[in-house]
Structure formats: structure tokens, C-alpha cells
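Colleague: predicted model and sequence below, questions to follow.
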Amino acid sequence: MSCGGIFDYDGKRDKLEELDAQIADPTFWDDSDRAQVVLREQSGIKKVLEQLDGASTRHEEASLLYELARDEGDEDSTREVWDNLQELDKTVATLEFQRMLSGEHDRADALLSINAGAGGVDSQDWAEMLLRMYQRWGERQGLKVELLDLQEGEQAGIRGAALSISGEYAYGYLRSEIGVHRLVRISPFDAQARRQTSFASVMVLPDIGDDNSDIEVVDSDLKIDKYRASGAGGQHVNKTESAVRLTHIPTGVVVACQMERSQHKNMAIAMRMLKAKLWEIEEQRRLAERHALEGEKMANEWGSQIRSYVIHPYQQVTDHRTDLKVSQVQAVLDGELDRFIEAFLLMEGESEA
């Protein structure tokens, strides 16, 4: 186990045994919400241990094959060993990178919302471009991407949208995208072809579902509106009041879901979205209190501009937090975000070290 210590292999094995013992307890399902949390944790640890065991086995097999190839002077086998070691190196690098995603909800699914900002129809078009970018990124990662809500623009683009992106570490990766995204280009909506700067904001929240008992929504605090969906979705969606809008009266938080045919399903998804937003409010309150006690100013204020996408007069995407610059703008807009996400998480890890 050449890398077992780095990944706390023994600690994970002990934790797995502890979780297995909890699951074997006859009273385990008395608290179904807690049981689901434990099962997810067990599944996550099992997956990491399987990956580590697999990496160790592949390393042993490669070492043996190398010894045989060297003794026999077999160049083809030597090249095969080299290819296997390169693939193994990528696997270990991915596992090592995921070690930084140790936040309470980093393994959770993500709820991502996009809202057009200043810039009129150009910003609404920009918001739609961002929606496509995150959909493509999720597909590239093999994650499940679902459109939950869509508010179409009057002339073009969208005023806002909400996505559910499901899969391991979806929130851990995508929380690096929170903030304002800026686009500079020649406006396709300007008859004089002038350069336009557009803005859109991105919010990412963990889909905590019913796992967090601290987030309780009282029925009397809710205003529930049911209406016909406004976007594409087929005759049934548009002709029945299947869309749901929830307003949390104490905080003023509003969420909506209209993409499912079933009003019941839309209600359940909207409740997940609401709980995630209430969790975020509580987290921001705790963070502000901690910084006040420490006498520090928050370095990353909500709403700060995090990234610029310049298409004219030159082509470049710049992350203002990490100073990473990439000239392949179209590739980024097609969902190639990994370099930006990794750079942010590495920077975050270094600052916390």
C-alpha cells in the first residue's frame, strides 16, 4: 500500500467497520433520515477503498510485468507497463485531488441557478450560454443534469434557470462557480455592432434533501402558488397547473419548479430547493458571526465578479481569483471547466493549510 498513508487507508477501513456495525443494529431504521446519511457515507468510503485496492493491485501487477519484461528484453511489454503506470498515475492524482473535497456537503448533489444581470437582452443571452456551459460540463463528467426551472427572456435568452446536477462531489466541484460571470463581445443584438459587456450571476447550493434536521420548514411559513408552466414541455405541462412556486414568508426566499408533469414532483423538488437556500442563509449567518469574532473581513463577498469571458477584441477567459487565463474561449463555453475548478480548489486548499 504505497499510497495508503496519504489517503488514511487504515482510518477509512476502521470507519467502514464502525458504519457496518451501525447498519447491523436492529434499531438502525428507526430514524430513516439518519439511516440514509449513514448509508451514503458507507457507500462513499467503500468506493474509495475499492479504488485504492484496485490501484494497489494494478501497481503490483505492473511491477511484476516490468521485472519479467526487463529479464526477457521485451520492449512491447515494457511499453505496456509504462502505459499502465500513466493511467494509474491519473487515478491516484484524481483520488488525491478529491481529498480536498472534505466539506460537510462536498459529496452532495448540486442545485445550480443562473440569473441574468445588467446588460439587457445581451445578459439574458449570456445567461442562456452559461446554462448550456454547465449542462455540457455535467454531461462531460457523467453526472445527471436536470432542468428544474426556466424563465425565458422576452426577446432572446433567459432571465433565469435552475439545474439539478446529481453525482458524487457535484457540489464540491461546482461551489467554485459561485459569483458573477462577465462576458465581453460584439453584441449580436446591436445593429451598429458595438462591443457589449454583460453580467450573469451563478449560485450553487448542496442538495441536502431531508438530511439536515436543522433546516425545518413550517407549513404556516409558506405561501404556495400553483400555475401553468410557461416554457416548452408538451401540451400536458402547459395546460395544467403543474408548476409550483414556494415563498418562505419569514425570509422572503422564493423558489419555483415547473419542468415535471406532476405537480407533486414539482412540489417535492421546490421544497428541496427551498431547504438548500435556507441552509445557505444559515451558513452565511454563521460565517459572518465567525468573521466578526475573529475581527476579519470576508474575502469572498457574495456577488463579486469571479470570471471574465472576453470574445472581442481578443479571446481569453480569466479567473480573477486564481489568475488562471485560458485562450480557448469556445472550449470553455462547451463545458471544459476542469482547469478553473481545480485551480480554485487548489488555491482554497493552500489557503486553509
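Modeller: In hand now; what should we look at?
Colleague: buried residues in the longest strand anywhere in the chain, which are they?
Modeller: With residue count as the measure and DSSP state E as the assignment, the chain has strand 195-206 as its longest strand. For strand 195-206, the neighbour count (16 or more other Cβ atoms under 10 Å) marks Q196, T197, S198, F199, A200, S201, V202, M203, V204, L205, P206 as buried. (C-beta placed from N, C-alpha, C; glycine too.)
Colleague: tell me the one of those nearest A116?
Modeller: Sorting the buried residues of strand 195-206 by how near they are to A116, with Cβ to Cβ, puts A200 at the top with 5.3 Å.
Colleague: show me the contacts for that closest one.
Modeller: Taking Cβ atoms under 8 Å, 6 or more residues apart in numbering, we find A200 in contact with I114, N115, A116, G117, S123, W126, A127, L130, V180, H181, L183.
Colleague: any idea what it is bridged to?
Modeller: For A200, the beta-bridge assignment (DSSP bridges) gives partners A116, H181.
Colleague: let me see the ranges of the strands in the protein.
Modeller: Going by DSSP E, the chain shows strands at 110-116, 144-152, 158-166, 179-186, 195-206, 222-227, 243-248, 253-257, 305-310, 316-319, 325-326.
Colleague: R321 contacts L346, doesn't it?
Modeller: No. Under the contact definition of Cβ atoms under 8 Å, R321 does not touch L346, with a separation of 11.3 Å.
Colleague: the two: who's more crowded?
Modeller: Set side by side, R321 and L346 show unequal neighbour counts under other Cβ atoms under 10 Å, the larger going to R321 at 18 against 13.
Colleague: can you give me phi and psi for that one?
Modeller: Backbone torsions for R321, taken as degrees, to the nearest 10, come to phi -90, psi -40.
Colleague: report pLDDT for it.
Modeller: Model confidence at R321, expressed as pLDDT, equals 93.
Colleague: identify the residues contacting the closest residue in space to K325 that isn't next to it in sequence.
Modeller: Of all residues beyond its chain neighbours, the one nearest K325 is T318 (5.0 Å), with distances taken as Cβ to Cβ, 6 or more residues apart in numbering. The contact partners of T318, taken as Cβ under 8 Å, 6+ apart, are R307, S308, V310, L324, K325.
Colleague: which one of the strands of the chain is the most hemmed in?
Modeller: The highest mean neighbour count among those belongs to strand 110-116 (a mean of 25), with neighbours defined as mean count of other Cβ atoms under 10 Å.
Colleague: now the angle from that strand to strand 144-152?
Modeller: Between strand 110-116 and strand 144-152, the angle formed by their directions is 20 degrees, by axes from the mean of the first three to the mean of the last three Cα atoms, to 10 degrees.
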